[in-house]
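J.: Below is the structure, and that's it, no one-letter string:
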């Protein structure tokens with residue numbers, strides 16, 4: 001019998017929800033059933049696959065209020081939960097538009113006149129997805145939707161920190177019989193995730209670097225593909241020519257949206273010395289204008305810290321920075337209000353790379369700002385990291401900013417804006433360094449991750465080959 005796991009409410013600090021992970025036998029049975037149903041799903045015409053997912057979209061829309069309400073309890077933020085739901089609906093429509101063309105693979109002529117190349121895209125039978133707690137609905141489905149349209153069956157294990165949304169979501173899946181046979185969610189912690197990897201043919205993981213490396217090792221032992229979207233310490237570079245009002249507003253949002261619990265979060269800011277003081281002054285003033293969503297979730301912009309262990313990391317990073325000489329310009333503490341952990345937008349100056357807040361992922365609403373003497377120094381510091389997820393560059397012209405961006409080792413770089421990779425999913429990109437592994441999860445190319453490509457070399461003329469004995 002699996003042990004029940006208590007789930008903490010991030011707003012109250014109270015454990016008010018419980019999940020019971022499935023037994024290993026139940027996971028094995030579930031995976032076997034999914035594999036069996038996938039055989040028919042693979043043979044289903046693409047038009048019927050699209051119709052099935054569009055039917056699911058209507059079920060999602062009919063359960064919109066319930067889904068957003070449970071997401072709001074899981075994460076204790078409301079406006080972001082609404083955006084998350086809308087992003088899933090947009091993703092369904094986008095993939096349904098894209099997929100007919102993407103599944104068409106034309107024949108080719110080879111370098112030998114009488115041999116034609118014909119292709120077949122063969123989907124992986126069962127895809128396993130392990131998703132995080134910061135955007136639990138969207139990040140559990142961002143890989144799922146293209147995998148389903150590719151013809152795969154999918155099993156998803158979301159984070160045990162934010163599992164409440166699973167119940168209303170499963171209700172929507174169960175209203176679509178064909179979908180219910182090839183898509184399911186299971187609850188559990190890391191041990192359940194490990195068992196899932198042992199049962200699937202391909203794994204997609206979103207989360208921290210240390211866990212991601214364990215996932216990659218487990219997948220390698222089974223010789224199955226692993227696509228990993230891991231942590232970041234995203235830099236922003238603000239050149240002397242930048243529009244300060246634009247830069248401070250964009251970087252404030254890009255640093256503190258979703259309480260800084262976002263892969264797209266800007267976590268360190270390098271500013272030209274000549275504009276450092278006015279930049280900091282503007283950023284601090286704008287940061288002070290934001291308020292907590294406490295005690296009313298309908299008001300304010302900054303929600304509580306979702307995961308209790310993240311509150312400890314944020315505290316540790318702030319204390320380490322202060323101990324090493326950093327100056328807190330606003331915010332700077334983790335408060336306990338009503339049982340939840342809260343951190344107001346925090347701007348730090350006098351920071352350097354000896355501090356954890358400049359080198360380790362903080363995942364909170366913290367903005368360390370460092371003056372640089374030249375664009376070259378900014379680029380060097382931006383690249384002085386084990387991460388390479390995304391970044392931002394601000395300059396007086398796109399040309400100037402792009403010239404800097406070309407020298408930054410990161411996968412998605414917003415030009416004169418911040419956090420665009422979280423809002424625009426059409427563009428293809430790869431993570432650099434320890435921030436991920438595998439093909440792009442964004443853009444049309446991401447569909448191909450879920451196929452093996454089979455080649456048939458077809459002899460078209462009945463005659464001896466010149467190279468035969």
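T.: Received, thanks. Bear in mind the structure is a predicted one, so any value in this text is a computation, not a measurement.
J.: Could you check this structure and say which of its helices or strands has the lowest average pLDDT?
T.: Taking mean pLDDT, DSSP states H and E as the measure, the helix or strand of the chain with the lowest value is strand 108-109, at a mean of 94.
J.: longest helix in the chain, by residue count?
T.: Assignment by DSSP state H gives helix 79-102 as the longest helix of the chain.
J.: Check the offset of it from the chain's centre.
T.: Centroid separation for helix 79-102 versus its chain: 14 Å, with Cα atoms, centre = their mean, to the nearest Å.
J.: and the least confident helix or strand of the chain, what other elements does it pack with?
T.: For strand 108-109, the packing partners by 3 or more Cβ pairs under 8 Å, 6 or more residues apart in numbering; DSSP states H and E come out as strand 115-123. To be clear about C-beta, it is placed using only N, CA and C from the backbone, and glycine gets the same treatment.
J.: Return the list of helices and strands in contact with the very next helix or strand once past the strand it packs on.
T.: Downstream of strand 115-123, the next assigned helix or strand under DSSP states H and E is strand 126-130. Strand 126-130 sits against helix 24-43, helix 144-150, strand 153-157, helix 190-197, strand 202-206, with contacts defined as 3+ Cβ pairs under 8 Å, 6+ apart.
J.: Take the ones you listed and write them to JSON lines, including distance to residue 347 and mean neighbour count.
T.: Formatted as JSON lines, these follow (distance: least, Cβ to Cβ, whole Å; neighbours: other Cβ atoms under 10 Å):
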{"stretch": "helix 24-43", "distance to residue 347": "46", "mean neighbour count": "15"}
{"stretch": "helix 144-150", "distance to residue 347": "38", "mean neighbour count": "24"}
{"stretch": "strand 153-157", "distance to residue 347": "37", "mean neighbour count": "25"}
{"stretch": "helix 190-197", "distance to residue 347": "35", "mean neighbour count": "20"}
{"stretch": "strand 202-206", "distance to residue 347": "28", "mean neighbour count": "26"}
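J.: Make JSON lines out of the ones you listed and add distance to residue 435 and mean pLDDT.
T.: Formatted as JSON lines, those follow (distance: least, Cβ to Cβ, whole Å; pLDDT from 0 to 100):
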{"stretch": "helix 24-43", "distance to residue 435": "29", "mean pLDDT": "98"}
{"stretch": "helix 144-150", "distance to residue 435": "21", "mean pLDDT": "98"}
{"stretch": "strand 153-157", "distance to residue 435": "22", "mean pLDDT": "98"}
{"stretch": "helix 190-197", "distance to residue 435": "20", "mean pLDDT": "97"}
{"stretch": "strand 202-206", "distance to residue 435": "11", "mean pLDDT": "98"}
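J.: Which one of those lies nearest to residue 385?
T.: strand 202-206 (19.5 Å; Cβ to Cβ).
J.: which residues sit against that closest one?
T.: Identification of contacts with strand 202-206 by Cβ atoms under 8 Å, 6 or more residues apart in numbering yields 124, 126-132, 139, 142-143, 147, 152, 196-197, 211-212, 215, 219, 224-230, 263, 441, 449-450.
J.: remind me which residues of this protein are low pLDDT?
T.: Residue ranges of the chain with pLDDT under 70: 1-2.
J.: rewinding a little: out of the helices and strands packed on strand 126-130, which is closest to residue 288?
T.: Of all the helices and strands packed on strand 126-130, strand 202-206 sits nearest to residue 288, with 32.7 Å by Cβ to Cβ.
J.: List the strands paired with that closest one, with their directions.
T.: The pairing partners recorded for strand 202-206 under DSSP bridges are strand 126-130 (parallel), strand 226-229 (parallel).
J.: Using TSV, lay out those strands together with distance to residue 205 and mean neighbour count.
T.: Formatted as TSV, the strands paired with strand 202-206 follow (distance: least, Cβ to Cβ, whole Å; neighbours: other Cβ under 10 Å):
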stretch	distance to residue 205	mean neighbour count
strand 126-130	5	26
strand 226-229	5	23
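J.: mind putting those strands in TSV, distance to residue 185 included?
T.: Below are the strands paired with strand 202-206 laid out as TSV (distance: least, Cβ to Cβ, whole Å):
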stretch	distance to residue 185
strand 126-130	9
strand 226-229	19
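J.: looking at those strands, which is closest to residue 275?
T.: Counting by Cβ to Cβ, residue 275 lies closest to strand 226-229 out of those; the figure is 33.6 Å.
J.: tell me what the longest helix of the chain is packed against?
T.: When contacts are defined as 3+ Cβ pairs under 8 Å, 6+ apart, helix 79-102 packs onto helix 46-62, helix 64-75, helix 136-141, helix 144-150.
J.: Now do it against helix 46-62, angle only.
T.: On the basis of axes from the mean of the first three to the mean of the last three Cα atoms, to 10 degrees, helix 79-102 is oriented at 170 degrees to helix 46-62.
J.: quick one: buried residues of helix 79-102?
T.: In terms of neighbour count (16 or more other Cβ atoms under 10 Å), helix 79-102 has its buried residues at 79-81, 83-85, 87-88, 91-92, 95-96, 98-99, 102.
J.: Repeat that for stretch 286-305.
T.: Buried residues in stretch 286-305, counted by 16+ other Cβ under 10 Å: 286-287, 290, 292-294, 297, 300-305.
J.: hmm, back to that, please convert the helices and strands packed on strand 126-130 to TSV, extending it with distance to residue 13.
T.: Below are the helices and strands packed on strand 126-130 laid out as TSV (distance: least, Cβ to Cβ, whole Å):
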stretch	distance to residue 13
helix 24-43	31
helix 144-150	31
strand 153-157	25
helix 190-197	23
strand 202-206	26
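J.: Those: which one's closest to residue 178?
T.: Closest to residue 178 of the helices and strands packed on strand 126-130, according to Cβ to Cβ: helix 24-43, at 7.3 Å.
J.: how close does residue 113 get to residue 463?
T.: Residue 113 is 11 Å from residue 463, where distance means Cβ to Cβ, to the nearest Å.
J.: Out of the strands paired with strand 202-206, which gets nearest to residue 270?
T.: strand 226-229 (24.6 Å).
J.: Can you tell me what sits against the closest one?
T.: Outside strand 226-229, the residues that reach it (Cβ under 8 Å, 6+ apart) are 143, 202-206, 212, 215-216, 219-220, 263, 431, 435-439, 441, 449.
J.: same thing but 7 Å
T.: Here strand 226-229 makes contact (Cβ atoms under 7 Å, 6 or more residues apart in numbering) with 203-206, 212, 215-216, 219, 263, 431, 436-439, 441, 449.
J.: what's the answer for stretch 281-298, then?
T.: Contacts to stretch 281-298, defined as Cβ under 7 Å, 6+ apart, come from residues 72, 76-78, 244-245, 248-249, 251-252, 256, 299-303, 329-331, 337-338, 342, 344-345, 347, 367, 369.
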